[in-house]
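Asker: Structural data only, the sequence is not supplied:
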Ligand SMILES: Nc1ncnc2c1ncn2[C@@H]1O[C@H](COP(=O)(O)OP(=O)(O)OP(=O)(O)O)[C@@H](O)[C@H]1O
Ligand SMILES: [Zn+2]
């Protein structure tokens, strides 16, 4: 099934995403498999194939999911910025994810369907769309391909057949299990030895398994199980892990570049994905990247622990860009602790950037022609620092620090008087190209903010002129009333030697 097929989409050109600059050869990433930072070399020059383990769609996404999605979205955007054409595949699990890892318990989606009195597929669709909407609000780019497990049952069955044929899987009681003892490399990603793995699963030994560590590739559907398909082993449904091996190989081809996901998925999920592909003879991902966890009170935020805040709840009170800023302010491999204070500081940090960008844009229409060489050089240095930070395993906190450096210089220059138009354009391009294009900030409002900026700027000129006229005519009460009204809506007016200035 996964032999390179000239007609398959994995072989087609990615012409929709033209490379903007020569692909940067100096990107370092931390590869979980090699346990160190390594230089990234693409399998196909100029292209990056990425696969990300997506959500199991049975409830609204929480901030922990957002950390992962934003982390890999920035990695994708950075590759695009550095001149690569990226094919980004992120799956949707809509079948087969059971309540516990030992192949027992109810299917999470089927269980939810009973609770909500919906068809399982209604549950999957409902939460797929809510996830999609949440990600759009957070300015996470849409995947190139968003494959769903239920749409790839034949591919999964074929891969299981290959494993059975090669002696790495066995049918038992209508289910099929991967035989971990037949594959000594099982455990190589997480560094777990087979003997250490036995402990956790002993309690949940299933009679139909040869070894408690064997994991399900296909499960026999008991009476009443709604999500069921015909297979060579009877009517059933796929195990959770097999979808990712089958779908990543289908859309990215053998030996694809990068596989990503949360650190908590390293074992057993990613270990199983590797075993399923490689034991069937298909070289798998060449680099493994894992994001660390978003925690609350030091504990992983998770659906099953119930200690979560949904993205929806957060967006009811916070600007989505502040949520995104909070996430990119910590490194993807660091733990991010969720707290009110973290939001307060993200809000003020983000405002510092938008104010400087806003002021830069406001000055543009009236800026004198030309540029300021010294400031240009400072801006260029901040751009380099930003890019170097991303080349160093996508170090977003350092990239954010570079934006703050730019902001300090811009605020100083803007406070001193007029700045040349070319320099303002350069600064604006840095904010929008790096903060916007790579970190995904300043979204949604970018265009309307520019339109608004011009309108607001023209209106403010009018208001300040009217105030000046009142003052010339010694109508100070009317002049003050204008200023007080502006203060009440958050606009400060300052009288300087060059005339009145305003800022928000
Ligand atoms: N708190 C978190 N921080 C970062 N990533 C997370 C967090 N919670 C989940 N993820 C990631 O999101 C993806 C989907 O996770 P999953 O659907 O298992 O969420 P969950 O809340 O852990 O659910 P459950 O508790 O049912 O396992 C995985 O890649 C996982 O690593
Ligand atoms: Zn997966």
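Answerer: Arrived safely. From a predicted model like this one, the values you see are computed outputs, not experimental measurements. Ligands and ions are numbered 1, 2, ... in the order given.
Asker: and the residue lying closest to residue 211 once chain neighbours are set aside, what does it touch?
Answerer: Of all residues not flanking residue 211 in the chain, residue 181 sits nearest, at 5.8 Å (Cβ to Cβ, 6 or more residues apart in numbering). No exception for glycine: its C-beta is placed from N, CA and C like everyone else's. Residues in contact with residue 181 (Cβ atoms under 8 Å, 6 or more residues apart in numbering) are 194, 210-211.
Asker: now those residues: which count as buried?
Answerer: residue 211 (16 or more other Cβ atoms under 10 Å).
Asker: could you dump the contacts of residue 181 to JSON lines with pLDDT and secondary structure?
Answerer: Listed next are these as JSON lines, based on pLDDT from 0 to 100; DSSP: H, G, I helix; E, B strand; the rest coil:
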{"residue": "194", "pLDDT": "72", "secondary structure": "helix"}
{"residue": "210", "pLDDT": "93", "secondary structure": "coil"}
{"residue": "211", "pLDDT": "93", "secondary structure": "coil"}
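Asker: Tabulate the contacts of residue 181 (CSV), appending distance to ligand 1.
Answerer: As requested, those are exported to CSV (distance: Cβ to the nearest ligand atom, whole Å):
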residue, distance to ligand 1
194, 24
210, 27
211, 24
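Asker: Looking at the contacts of residue 181, spot the one nearest residue 291.
Answerer: residue 194 (27.0 Å; Cβ to Cβ).
Asker: Now do that closest one against ligand 2, distance only.
Answerer: To ligand 2, residue 194 is 22 Å away according to Cβ to the ion, to the nearest Å.
Asker: Then residue 397?
Answerer: Residue 397 is 27 Å from ligand 2, by Cβ to the ion.
Asker: What of residue 348?
Answerer: 37 Å.
Asker: Same question for residue 401.
Answerer: Taken as Cβ to the ion, the span from residue 401 to ligand 2 is 33 Å.
Asker: How many residues are close by the closest residue to residue 73 other than its chain neighbours?
Answerer: By the measure of Cβ to Cβ, 6+ apart, the closest residue to residue 73 outside its immediate chain neighbours is residue 140, 4.5 Å from it. Per other Cβ atoms under 10 Å, the neighbour tally for residue 140 reads 23.
Asker: ok, residue 140 touching residue 443?
Answerer: No. Taking contacts as Cβ atoms under 8 Å, residue 140 lies outside contact range of residue 443: 9.9 Å.
Asker: what's the least confident helix or strand in this structure, going by average pLDDT?
Answerer: helix 194-201 (a mean of 59; mean pLDDT, DSSP states H and E).
Asker: ok, and what's touching the helix or strand just after that helix?
Answerer: Per DSSP states H and E, the first helix or strand lying C-terminal to helix 194-201 is strand 215-220. Strand 215-220 is contacted from outside by 96, 103, 156-157, 160, 163, 169, 173-178, 180, 231, 233-239, 241-242, 268, 272, 276, using Cβ under 8 Å, 6+ apart.
Asker: cool, and stretch 470-481?
Answerer: 467, 482.
Asker: For the remainder of this discussion, apply numbering that starts at 433.
Answerer: Okay, using 433 as the starting number, the last item reads as stretch 902-913.
Asker: tell me which residues in it are buried?
Answerer: Within stretch 902-913, the residues scored as buried using 16+ other Cβ under 10 Å are 902-903, 911.
Asker: average pLDDT for it?
Answerer: Mean pLDDT, stretch 902-913: 88.
Asker: what's the first-to-last distance across it?
Answerer: Separation of the first and last residues of stretch 902-913 by Cα to Cα, to the nearest Å is 10 Å.
Asker: Tell me the helices and strands packed up against the helix or strand hosting residue 834.
Answerer: Secondary structure from DSSP H and E places residue 834 in helix 828-848. In terms of contacts (3 or more Cβ pairs under 8 Å, 6 or more residues apart in numbering; DSSP states H and E), helix 828-848 is packed against helix 752-760, helix 772-795, helix 805-823, helix 853-862.
Asker: Could you export the buried residues of stretch 902-913 as TSV, including distance to ligand 1 and secondary structure?
Answerer: Shown next, in TSV, are those (distance: Cβ to the nearest ligand atom, whole Å; DSSP: H, G, I helix; E, B strand; the rest coil):
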residue	distance to ligand 1	secondary structure
902	56	helix
903	57	helix
911	54	helix
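Asker: just these now: which is nearest ligand 2?
Answerer: residue 911 (65.0 Å; Cβ to the ion).
Asker: quick one, phi/psi of the closest residue to ligand 1 within the chain?
Answerer: At 1.6 Å from ligand 1, residue 694 is the closest residue in the chain, using Cβ to the nearest ligand atom. In terms of degrees, to the nearest 10, the main-chain angles of residue 694 are phi -80, psi 150.
Asker: Tell me what it is bridged to.
Answerer: residue 723 (DSSP bridges).
Asker: Pretty sure it sits against residue 720.
Answerer: No. Between residue 694 and residue 720 there is no contact under Cβ under 8 Å: 12.0 Å.
Asker: For residue 468, which non-adjacent residue is spatially closest?
Answerer: Sequence neighbours aside, residue 462 is the residue nearest to residue 468 in space, at 7.1 Å (criterion: Cβ to Cβ, 6+ apart).
Asker: before we move on, what SS does that neighbour have?
Answerer: strand (DSSP: H, G, I helix; E, B strand; the rest coil).
Asker: Check the gap between it and residue 703 for me.
Answerer: Taking Cβ to Cβ, to the nearest Å as the measure, residue 462 falls 18 Å from residue 703.
Asker: The stretch 633-782 of the chain against ligand 2: which residues are in contact?
Answerer: residue 676 (Cβ under 5 Å from the ion).
Asker: from memory residue 508 sits against residue 520, does it?
Answerer: Yes. Residue 508 is within contact range of residue 520, at 5.2 Å (criterion: Cβ under 8 Å).
Asker: distance of residue 595 from ligand 2?
Answerer: According to Cβ to the ion, residue 595 stands 17 Å off from ligand 2.
Asker: For that residue, which residues are in contact?
Answerer: Applying Cβ under 8 Å, 6+ apart, the residues near residue 595 are 601, 610, 649, 708, 711-712.
Asker: Then residue 576?
Answerer: Per Cβ under 8 Å, 6+ apart, neighbours of residue 576: 446, 518-521.
Asker: Tabulate those residues in TSV, adding columns for secondary structure, neighbour count and pLDDT.
Answerer: Formatted as TSV, these follow (DSSP: H, G, I helix; E, B strand; the rest coil; neighbours: other Cβ atoms under 10 Å; pLDDT from 0 to 100):
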residue	secondary structure	neighbour count	pLDDT
446	coil	18	45
518	strand	22	98
519	strand	24	98
520	strand	26	98
521	strand	23	98
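Asker: got CSV for those residues, with distance to residue 621 too?
Answerer: Converted to CSV, these look like this (distance: Cβ to Cβ, whole Å):
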residue, distance to residue 621
446, 28
518, 23
519, 23
520, 21
521, 19
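Asker: got the residues you listed as TSV, with distance to ligand 1 columns?
Answerer: Output for those, formatted as TSV (distance: Cβ to the nearest ligand atom, whole Å):
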residue	distance to ligand 1
446	25
518	19
519	19
520	15
521	14
